[in-house]
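*Asks:* Using only what follows, build the 3D model:
(2 chains)
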Amino acid sequence: MSKEHKKEKDTPDKKLKIAFYWAASCGGCEIAVLDINEKILDVVAAADILFWPVAIDTKYKDVEAMDDKNIDVCFFNGAIRTSENEHIAKLLRKKSKILISFGACAVHGGIPGLANLANREEVFKTAYLDNPSTENHDKTLPKTSVKVKEGELTLPEFYDTVKSLDQVVDVDYFLPGCPPPTKLIIDALDAIVKNKLPEKGSVLAPLKSVCDECRFEKSEKSIKDIKRVYEVDKIEEKCLLEQGIICLGPCTRGGCDARCLDANMPCTGCGGPTPNSLDQGAKMISALASILGLEAEEKMSDEEVDKLIEQVRDIVGTFYKYTLPVSLINRRVMK
Amino acid sequence: MKTVTIDPITRLEGHGKITIFLDKDGNVDNAYLQIPELRGFERFSQGRRAEDMPQITSRICGVCPVAHHFASTKALDEAFHVKPPAAASKLRELMYCGYFIYDHILHFYFLGGPDFVVGPDAPASQRNILGVIQKAGVDVGKEVIKHRAYGQKITAILGGKATHPVCGLPGGVSKGLDKEEVQEIKEMVKSCVDFSKFSLKLFDDVVLKNKDYVDMIKSDPYNLETYNMGLVDARNKVNFYDGMIRVTDQNAEEFLKFSGEDYTKHVSEHVEPWSYMKFPYLKKIGWHGLKDGKTSGVYRVGPLGRLNAADGMATPLADTEYKRFYETLGGKPVNSTLAYHWARLIELLYATERATELINDSDITSKHIRNPVGEPSEGVGVVEAARGTLIHHYNLDKNGLIEKANLIVATTNNAGAITMSIRDAAKGMIKKGEINNGILNKIEMAFRAYDPCFACATHSLPGGMPMEINIYDKNKKLYKTIKNF
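*Replies:* Next comes the predicted model:
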């Protein structure tokens, strides 16, 4: 905790200034904040909320003209996809004492980070050219600058690669999840108001895994076949992995109360890696290999090994659904 | 020539930007709505497991994840040649009603409503939910928060999570309802019906009894004569979850009616180099630029588009409101953009009535909620998102992986209409280069009515659309800046 922030606390008459901003994201993080429901009124009492700092409070004439560190805490959600996203990220870093990377996209790149399997050219080709409902004989593509008859129109640059927030600016705290669970948001807001945030760089979520929070009973896991979730007729009341369904619970940070499992669906990993794990997907692949008995590889024929591995379809989308931009291998190499 | 750039830090797949060009007299020459963001879902869906699509595509929009979730699930039903059991369809539709309840409440009270309840000329700092609470009372504010939360809760009970649900599977849903959950939902739904009636009465008292507002609703800058599109049931009544796509013309007569799988025969998308958003149009008419009328293929979707494209509502109270809507606003179709707000509240009432029917249905606790799937192939799924018709189209390979995905999202369907509404409002409001915050807000109102997804940023507690107008002189030097923040 910086000295500066403690000083802030010493003047209680001064309300906290909180800001929210989104970059390349879906808006679900904002809805998650609204889902604290009536508690939002407590927050309003304790802090001036500037959802989107450049936007709301009339006391802020211009974010760019603001003094540096004027915002106490900025919650930033969304990945960095365009030049505009990057520009605002840098601006808000400068204007905020504490910057919180909020939600899977800002923290790990999120689902939009799967676009690192392609580049700008391929994304454009799919959206504007090679598309069953698009009529585009002139092969028009969006451009960063276009002359129309009345003048010039500009668009921000669409980058080749999606980045997480901490890949472009220094981040103080991380609050993962897609979206972050309500309870974790309330805890974070509470810690901010009471000036009880942990040390810089912390993840504002429990240390346990989704598995630890799951209602299903677990025993020694050993399976022979992997099943797709729609291939299973009926979900039994036991660990999904034991039923052959790939579930990222063991390798995903909890704090969500394993909500997806309550709906009989596997964890897909939105909380990101468990503590002290560098790479969520790699950890899960290794866990799965052991469940499938691949440790006994030397006793198997190549054919048997291939057959087992072949059952796992779409390795990147299955094991790196939310974390591709921050994983050890973070994009497809484009020729 | 002067350039006015309204740069809202908002979003459809990101953010929106309006650039208005003034002529030498300071009147509006033309206006452009630009969507400066793209995330590329259609590309990175390729190679994914089909069953992941309902959860991947829900991340297109966190405000309407349920719409994407079920457009996707329905596309998978088709692609795997499986019809869900009756109970599964009812559970999906019930969850869909929960989604409409929270989304329409969110829009009316947090976003669109403040313009009317607090007033279009009120300071930006008051045109928000807190201003509404101040004007209508804290009790109303608490009711708003409570019922929005009910909508979320119903969705969460059925979907696992409200934002980014997980229950959709080809051939059904992953989770049924037990008796306790049924009871809990029944109580919430009952309260929501009353709250919808209250909301319509509030609209009556605040808007319809105020002649200035009614005149504003009917005024030229807020009128657009386009085709209208929406899903209808077998009796041509509005349906959110299923049905045929119906298009009506400027005389409210049926122009087209087709099933989702035929969408490429009837809808095409046009590309402009100055926006990442495409402009859909009716293929039969063609793309003839940004204009309205019979000879332009531009159409509207969303609450007003749906009401205009249908013959009524399928539930009694909503149907009565439907009739009153047309009687009050001068017959069918209603072309006023600001009438979207009223249409939205009528749909809110329908969603609560329909939810009541479904939660009382004897099938709703059935354990038979999944059917086995067939071989993977190709499928189209269509639903009505809160903001309009939503189409998902997938081609699957033999291993059930996505080969190709095409998505036409609700707000994209309205791209042409929204751009024109902004242009017309700007033309009607800005005269001789005179611009102030009231005028700016009235231009905002033209597109806020659509609840466009790029305005989702204003789905927030403080509300208010951040906008910046930069006026440049002939030499492109900054002459004046107006901001509402």
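*Asks:* mind listing the strands for chain A?
*Replies:* With DSSP state E, the ranges of strands along chain A come out as A:16-22, A:47-51, A:71-77, A:80-82, A:96-102, A:145-148, A:151-154, A:158-163, A:173-175.
*Asks:* before we move on, what about the stretch 351-485 of chain B?
*Replies:* Assigned by DSSP state E, counting those that start in this stretch, the stretch 351-485 of chain B shows strands spanning B:378-385, B:388-396, B:402-408, B:468-472, B:478-483.
*Asks:* Please name whichever of the strands of chain A is nearest to residue B:172.
*Replies:* strand A:71-77 (32.6 Å; Cβ to Cβ). C-betas here are computed from N, CA, C, even on glycine.
*Asks:* and the closest one, what other elements does it pack with?
*Replies:* strand A:16-22, helix A:28-34, helix A:83-95, strand A:96-102, helix A:103-108 (3 or more Cβ pairs under 8 Å, 6 or more residues apart in numbering or on different chains; DSSP states H and E).
*Asks:* Can you list phi and psi of the most centrally placed residue in chain B for me?
*Replies:* Among the residues of chain B, the one closest to the centroid is residue B:387, at 0.9 Å (Cα atoms, centre = their mean). Backbone torsions of residue B:387, given as degrees, to the nearest 10, read phi -90, psi 0.
*Asks:* distance of it from residue A:139?
*Replies:* According to Cβ to Cβ, to the nearest Å, residue B:387 and residue A:139 sit 29 Å apart.
*Asks:* on that earlier part again, least reliable of the strands of chain A by average pLDDT, please.
*Replies:* Of all the strands of chain A, mean pLDDT reaches its minimum on strand A:47-51 (a mean of 67).
*Asks:* Identify the residue nearest the residue of the stretch 201-335 of chain A found nearest chain B in space, chain neighbours excluded?
*Replies:* Relative to chain B, the nearest point of the stretch 201-335 of chain A is residue A:263 (3.0 Å; Cβ to the nearest Cβ). Sequence neighbours aside, residue B:160 is the residue nearest to residue A:263 in space, at 3.0 Å (criterion: Cβ to Cβ, 6 or more residues apart in numbering or on different chains).
*Asks:* got the domain boundaries for the chain?
*Replies:* With no chain named, the answer covers chain A. Structural domains of chain A, as assigned by automatic domain parsing, span the residue ranges A:3-112+A:160-193, A:119-159, A:210-326.
*Asks:* That was the other one, I meant chain B.
*Replies:* According to automatic domain parsing, the ranges for chain B are B:2-216+B:358-483, B:224-335.
*Asks:* out of the ones you listed, deepest packed?
*Replies:* domain B:2-216+B:358-483 (a mean of 22; mean count of other Cβ atoms under 10 Å in any protein chain shown).
*Asks:* State the mean pLDDT of that one.
*Replies:* 84.
*Asks:* Please list the residues of the stretch 151-300 of chain A that sit near chain B.
*Replies:* A:151, A:153, A:155-156, A:158, A:178-179, A:228-231, A:233-235, A:259-260, A:262-265, A:268, A:270 (Cβ under 8 Å from any Cβ of the partner chain).
*Asks:* if we can go back for a sec, quick check: chain neighbours aside, which residue is closest to the residue nearest to the centre of chain B?
*Replies:* Residue B:387 sits nearest to residue B:410 (Cβ to Cβ, 6+ apart), 3.8 Å away.
*Asks:* Run through the residues that contact the one you found.
*Replies:* Contact partners of residue B:410, counting by Cβ atoms under 8 Å, 6 or more residues apart in numbering or on different chains, are B:64, B:67, B:301, B:302, B:385, B:386, B:387, B:388, B:389, B:390, B:453.
*Asks:* Can you give me the distance of it to residue B:241?
*Replies:* As judged by Cβ to Cβ, residue B:410 and residue B:241 stand 14 Å apart.
*Asks:* same question, residue A:160
*Replies:* Applying Cβ to Cβ, the value for residue A:160 to residue B:241 is 39 Å.
*Asks:* got it, and residue B:198?
*Replies:* Remark: distance between residue B:198 and residue B:241 (Cβ to Cβ) = 25 Å.
*Asks:* swap in residue A:93?
*Replies:* In terms of Cβ to Cβ, residue A:93 sits 44 Å off from residue B:241.
*Asks:* which SS class is the residue in chain B that chain A sits nearest to?
*Replies:* Closest residue of chain B to chain A, Cβ to the nearest Cβ: residue B:62 (2.2 Å). Classification of residue B:62 using DSSP: H, G, I helix; E, B strand; the rest coil returns coil.
*Asks:* Could you dump the strands of chain A into CSV with distance to residue B:399 and mean neighbour count added?
*Replies:* As requested, those are exported to CSV (distance: least, Cβ to Cβ, whole Å; neighbours: other Cβ atoms under 10 Å in any protein chain shown):
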stretch, distance to residue B:399, mean neighbour count
strand A:16-22, 35, 25
strand A:47-51, 43, 22
strand A:71-77, 34, 26
strand A:80-82, 30, 28
strand A:96-102, 36, 25
strand A:145-148, 42, 13
strand A:151-154, 43, 17
strand A:158-163, 26, 20
strand A:173-175, 36, 24
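*Asks:* does residue B:332 sit in a helix, a strand or a coil?
*Replies:* Taking three-state DSSP, the label given to residue B:332 is coil.
*Asks:* quick one: it and residue B:253 touch, right?
*Replies:* No. In this structure residue B:332 lies outside contact range of residue B:253 using Cβ atoms under 8 Å: 9.6 Å.
*Asks:* Do I have it right that the residue nearest to residue A:263 meets residue A:267?
*Replies:* No. If you go by Cβ under 8 Å, residue B:160 and residue A:267 don't touch, sitting 10.9 Å apart.
*Asks:* Now for these two: what residues contact both?
*Replies:* Taking Cβ under 8 Å, 6+ apart as the contact rule, residue B:160 and residue A:267 both touch residue A:260.
*Asks:* Just give the closest residue to the residue in chain A that chain B sits nearest to, not the sequence neighbours.
*Replies:* Per Cβ to the nearest Cβ, residue A:28 is where chain A lies closest to chain B, at 2.2 Å. Closest residue to residue A:28 apart from its sequence neighbours, by Cβ to Cβ, 6+ apart: residue B:62 at 2.2 Å.
*Asks:* then stretch B:35-53 to PDB, C-alphas only?
*Replies:* In PDB, the C-alpha atoms belonging to stretch B:35-53 read as follows (Å, rounded to 0.1, in the frame of the first residue of the first chain):
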ATOM      1  CA  ILE B  35     -18.400   1.600 -34.600                       C
ATOM      2  CA  PRO B  36     -14.700   1.600 -33.900                       C
ATOM      3  CA  GLU B  37     -14.400  -1.900 -32.400                       C
ATOM      4  CA  LEU B  38     -14.500  -5.400 -33.600                       C
ATOM      5  CA  ARG B  39     -13.500  -8.600 -31.700                       C
ATOM      6  CA  GLY B  40     -13.700 -11.200 -34.400                       C
ATOM      7  CA  PHE B  41     -15.900 -13.900 -32.900                       C
ATOM      8  CA  GLU B  42     -16.800 -15.300 -36.300                       C
ATOM      9  CA  ARG B  43     -13.100 -16.000 -36.900                       C
ATOM     10  CA  PHE B  44     -12.000 -17.400 -33.600                       C
ATOM     11  CA  SER B  45     -15.200 -19.600 -33.300                       C
ATOM     12  CA  GLN B  46     -13.600 -21.700 -36.100                       C
ATOM     13  CA  GLY B  47     -12.200 -24.900 -34.700                       C
ATOM     14  CA  ARG B  48     -14.000 -24.700 -31.400                       C
ATOM     15  CA  ARG B  49     -16.100 -27.500 -30.000                       C
ATOM     16  CA  ALA B  50     -19.800 -27.000 -31.000                       C
ATOM     17  CA  GLU B  51     -21.000 -27.400 -27.500                       C
ATOM     18  CA  ASP B  52     -18.800 -24.500 -26.400                       C
ATOM     19  CA  MET B  53     -20.500 -22.000 -28.700                       C
END
